[in-house]
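Visitor: Here is a sequence with its predicted model. Questions after.
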Amino acid sequence: PPESSGGAFPPLPPSLIIQNKRLIESMFYRSYDSYMYRAYPLGELKPLSCKGDTFDLVKLPALTLIDSLDTLLILGNATEFARSVERLRVLDDEMRTEWRENYPRFEDPGGLRNGGLFAVDRNVSVFETNIRVVGGLLGAHLMAEAFLGDKVPLDDVFDRDGRVKYGGGGAGGGGDGGGTTAAKAGGRAAN
């Protein structure tokens, strides 16, 4: 609650707490929107050139989006969270299709190298991969189950043709309540 200072000493006035929360949210969305418009599906947005690139320590596409999933939920943006999960699912499907088209005779009885978002055969930083990828996915999955429940019907996320909506839309409206929720859609990303 805004009345609480969270143990700060001296206690922060509620108005400053609210002001700081708004500033943090504004800073996040400025960075998130810049990444989505200028760099996605690459791993990161370079701060000086404002161009997308691969993050050298992890080398996964959409790394920043994966790392942002839990923050979207913390900020209460369940609709953008569901859209982001769907973007990752679509990107994974596209990469699997590309893999099958480029390597049609590649035999893989174990199914470990079938392409997709997480089929990276490169040296990566275990620390960075754990905190950004594993942490981002686990955090988002747990928070989606705990906080979203049936909050976001897929009608808020997809248009009639099944494409991800990219504009507007609130977290509370739309749908008849019978569709898949963001929490369920988030579970699909982990499968």
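Guide: On my side now, so go ahead.
Visitor: how about G136, what does it touch?
Guide: G136 makes contacts with I66, D67, S68, L69, D70, as judged by C-beta atoms under 8 Å, 6 or more residues apart in numbering. All C-beta spots, glycine's among them, are computed from the backbone N, C-alpha and C.
Visitor: Just give me the closest of those to V133.
Guide: I66 (5.8 Å; C-beta to C-beta).
Visitor: That closest one looks like it's in a helix, true?
Guide: Yes - assessed by DSSP: H, G, I helix; E, B strand; the rest coil, I66 belongs to a helix.
Visitor: from what I can see it touches R87, true?
Guide: No - I66 lies out of contact with R87 (C-beta atoms under 8 Å); the separation is 10.3 Å.
Visitor: The two: which is more packed in?
Guide: I66 (25 against 18; other C-beta atoms under 10 Å).
Visitor: Can you give me the buried ones in stretch 30-38?
Guide: Y32, Y35, M36 (16 or more other C-beta atoms under 10 Å).
Visitor: helix/strand/coil for the last one?
Guide: To tie it back to what came earlier, the one meant is M36. Strictly by three-state DSSP, M36 counts as helix.
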